[in-house]
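Enquirer: Next input, structure requested:
(2 chains)
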There are 2 protein chains.
Amino acid sequence: MYYYLSSETRNRPAMLLLALIILFVSFGLLSCQNEGGEMAEAPVEAHPLFEVLPDEAEDPEDNIRTPERVDLGHMLFFEPKLSRSGIISCNTCHVVGAAGVDHRERAIGEGAQVGPRNSPTVYNAAFLKTQFWDGREPTLEAQAKGPIQAHVEMDLTPEEAVSRLEETGYMRYFEAAFPDEEEPLTFDNVAKAIAAFERTLLTPGAPFDRYLEGDYDALDDQQIAGLKLFQDSGCVSCHNGPLLGGNNFMQFSHLGGEDVGRGGLTGTEEDQFVFRVAPLRNVAKTFPYFHDGSVPTLEEAVSIMGDYQLARNYNEQEIDQIVAFLESLTGEFPLVSHPSLPREPQRDRN
Amino acid sequence: MYYYLSSETRNRPAMLLLALIILFVSFGLLSCQNEGGEMAEAPVEAHPLFEVLPDEAEDPEDNIRTPERVDLGHMLFFEPKLSRSGIISCNTCHVVGAAGVDHRERAIGEGAQVGPRNSPTVYNAAFLKTQFWDGREPTLEAQAKGPIQAHVEMDLTPEEAVSRLEETGYMRYFEAAFPDEEEPLTFDNVAKAIAAFERTLLTPGAPFDRYLEGDYDALDDQQIAGLKLFQDSGCVSCHNGPLLGGNNFMQFSHLGGEDVGRGGLTGTEEDQFVFRVAPLRNVAKTFPYFHDGSVPTLEEAVSIMGDYQLARNYNEQEIDQIVAFLESLTGEFPLVSHPSLPREPQRDRN
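Expert: Numbers count the residues shown, from 1 in each chain, chains lettered A, B, ... in the order given. Next up, the predicted model:
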């Protein structure tokens, strides 16, 4: 080394190379230091139970997505013929342009009947391990069959649904979506296509996801204070994972009412008033809150949860902080088109 | 001229120029002859009362379209908050992905009440001179206010509609759409924005339009036979203009029922059972037919019209020809996105 340094005139190319190496190494060190610096500077270390929302949903083995299947599901999701009156579609209660919900307390369906529960959002439902407020179905495919048949929702039998779709001109779309099947237009395949479409309804890129990925400017001070409080006071013990909820069941009887949650399914004493923990993705947009939609604001919902689940009376400042943090869970909603629906007219011709 | 023709060697550039001129003129004549030939070859001369569907709608002076106003109207058209239950939007009965109708006999609205008439299509309504089956309103702006207030449809007062939109976060969109107004969020402006959006819902480019423009291959033989029959047997005397209808009123009492049409408006004897002549654009897609939606097929509708309005019993072949012609009135529908709707949460904060 001395040799090179002591000589100013000899071996200039080598000198240049050395200078370049030094330059690169310095930049490397600097940039490492910056990254390391940011990592170390995390204003609040996010709890390890949190996960970034994936930007792709996995398909189950028996329902691998193809463009044809997703397109069919897109049509079926907007298909009002799947209700007895012909005006209610999946999108009526799970409005894709409105955070995937109807913003009503409880869902309304055929005959203007008001159902027992609040409509959950369809966005990111692909990542849920169980579907419905009581978690009674394991998959999107199983879920999709429920509302179509429920008397207070769309009120069709599977046979009626299939025969309506056939009359309306759907056969060729089912043939394209399920090309290897002898009988492609079945109720099972209706559900599969809808589920395939729903696996595209994701909202990645929320500020909190960016924070989890190391961009600590993604949350402001109020939101970071809310994150800390959310973790320290115990919310995270139920509201965790990529959806901040939806993973387990908890007793929640504080709203009163006749809805006993999982108790209605299992009939056991221990399941009385037990509900699935609500996933919190986009929660700032999916008001009103809880299974009966009885709570209009996020502030009140946070207060109730602190009070009853954590035995903690959050003060106004704390509530504002947690609400600010919850607002950082709003992701980027995709732009969904209104599909062109098949409308085969009835024909009198021979 | 002789000078040039008699000389073979002199002035070659001039000769070349002359040859080129002759060539161009010949081609010109030939191509004129071709066009003339095609014109002369029109298999059936279309009646002069028909008009090509324009691909742009004119704005009224007091509602000039801006992108902001159309975008706002797009949101409002899909806005279920404009109904008492919060699940019925304009798009519920005028489904943009289904030829602008609900394919029900009669419209259904709040409280699952079934209204008195069939939902007319929103497509090309911009070109109608009067709105509704009884033509009781002159403009899209006036029309838009009707269903929002009707008890059997969306069932809101103007005040309720405006206050809901304000609560939901629409103010800034109204400010952008009506920038020069002191009070931009009014019921009048709700109607104006919806009308501005509806003026984009056009379906130009139907085979029949191409035929009118001289492309005689756009209709097949069956459709051309149908066009001839449609003209010769008198349908065209009412079904004319760009929409093939919608221009005048006719008595039509043949379906029975209690709906007396314009008689309900004017109370005069001569208006009993008088309705606006139905526009026929996209009629193959807007089943079922007539003001009460009681006729499911186009074949039956054509037969009824021939029988009662023209005292002519079309045979099966004739009906098929007219239906084939009517199918040539299906234009190109635009792809409409489901808009992202403002959803301002209620806030408890000070």
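Enquirer: need the helices for the stretch 251-350 of chain A, in chain order.
Expert: Per DSSP state H, counting those that start in this stretch, the stretch 251-350 of chain A carries helices over the ranges A:263-266, A:298-309, A:316-327.
Enquirer: and if you look at the stretch 101-250 of chain A?
Expert: A:140-149, A:158-168, A:171-177, A:187-198, A:207-212, A:221-232.
Enquirer: and the helices of the stretch 251-350 of chain A as JSON lines, adding mean neighbour count?
Expert: C-betas here are computed from N, CA, C, even on glycine. Formatted as JSON lines, the helices of the stretch 251-350 of chain A follow (neighbours: other C-beta atoms under 10 Å in any protein chain shown):
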{"stretch": "helix A:263-266", "mean neighbour count": "16"}
{"stretch": "helix A:298-309", "mean neighbour count": "20"}
{"stretch": "helix A:316-327", "mean neighbour count": "21"}
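Enquirer: Tabulate those helices (CSV), appending distance to chain B and mean pLDDT.
Expert: As requested, the helices of the stretch 251-350 of chain A are exported to CSV (distance: least, C-beta to the nearest C-beta, whole Å; pLDDT from 0 to 100):
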stretch, distance to chain B, mean pLDDT
helix A:263-266, 25, 90
helix A:298-309, 4, 96
helix A:316-327, 6, 98
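Enquirer: Out of those, which is closest to B:Asp271?
Expert: Counting by C-beta to C-beta, B:Asp271 lies closest to helix A:298-309 out of the helices of the stretch 251-350 of chain A; the figure is 55.6 Å.
Enquirer: by contact count, what packs against that closest one?
Expert: helix A:316-327 (3 or more C-beta pairs under 8 Å, 6 or more residues apart in numbering or on different chains; DSSP states H and E).
Enquirer: repeat that with 10 Å
Expert: Packing partners of helix A:298-309 (3 or more C-beta pairs under 10 Å, 6 or more residues apart in numbering or on different chains; DSSP states H and E): helix A:221-232, strand A:249-251, helix A:316-327.
Enquirer: so how far is B:Met75 from the most centrally placed residue in chain A?
Expert: Most central in chain A under C-alpha atoms, centre = their mean is A:Asn124, positioned 2.0 Å from the mean C-alpha point. In this view, A:Asn124 and B:Met75 are 23 Å apart by C-beta to C-beta, to the nearest Å.
Enquirer: what about the stretch 251-350 of chain A, any weak spots by pLDDT?
Expert: Judged by pLDDT under 70, the stretch 251-350 of chain A has its weakly predicted residues at A:347-350.
Enquirer: ok, now chain A?
Expert: Counting by pLDDT under 70, chain A contains low-confidence ranges at A:1-40, A:347-350.
Enquirer: Do you have the strands of it handy? List them.
Expert: Ranges of strands in chain A, per DSSP state E, are A:249-251, A:274-276.
Enquirer: in the stretch 101-250 of chain A, what residue is nearest chain B?
Expert: Nearest to chain B in the stretch 101-250 of chain A, going by C-beta to the nearest C-beta, is A:Ala112, at a distance of 4.1 Å.
Enquirer: Tally up the residues packed near that residue, please.
Expert: 16 (other C-beta atoms under 10 Å in any protein chain shown).
Enquirer: go on, the one 10 residues further on?
Expert: The local packing count at A:Val122 equals 23, with neighbours defined by other C-beta under 10 Å.
Enquirer: Same check on the one 4 residues further on?
Expert: For A:Ala126, the neighbour count with other C-beta under 10 Å is 20.
Enquirer: Over to A:Glu159?
Expert: 9.
Enquirer: wait, isn't it in contact with A:Leu165?
Expert: No. Using C-beta atoms under 10 Å, A:Glu159 is not in contact with A:Leu165; the gap is 11.1 Å.
Enquirer: Between those two, which contacts overlap?
Expert: Each of A:Phe187 lies in contact with both A:Glu159 and A:Leu165 under the rule C-beta atoms under 10 Å, 6 or more residues apart in numbering or on different chains.
Enquirer: what residues does the stretch 201-350 of chain A put near chain B?
Expert: Contact residues (C-beta under 10 Å from any C-beta of the partner chain) of the stretch 201-350 of chain A with chain B: A:283-288, A:296-303, A:316, A:319-320, A:323, A:327, A:333-350.
Enquirer: what's A:Asp102 in contact with, if anything?
Expert: By C-beta under 10 Å, 6+ apart, the residues touching A:Asp102 are A:91-95, A:108, A:118-119, A:121, A:286, A:293, B:80-81, B:85-87.
Enquirer: What about the spatially closest residue to the residue nearest to the centre of chain A that is not a sequence neighbour, how many residues nearby?
Expert: If the residues on either side of it in the chain are set aside, A:Asn124 comes closest to A:Arg281, at 5.0 Å by C-beta to C-beta, 6 or more residues apart in numbering or on different chains. A:Arg281: 30 surrounding residues under other C-beta under 10 Å.
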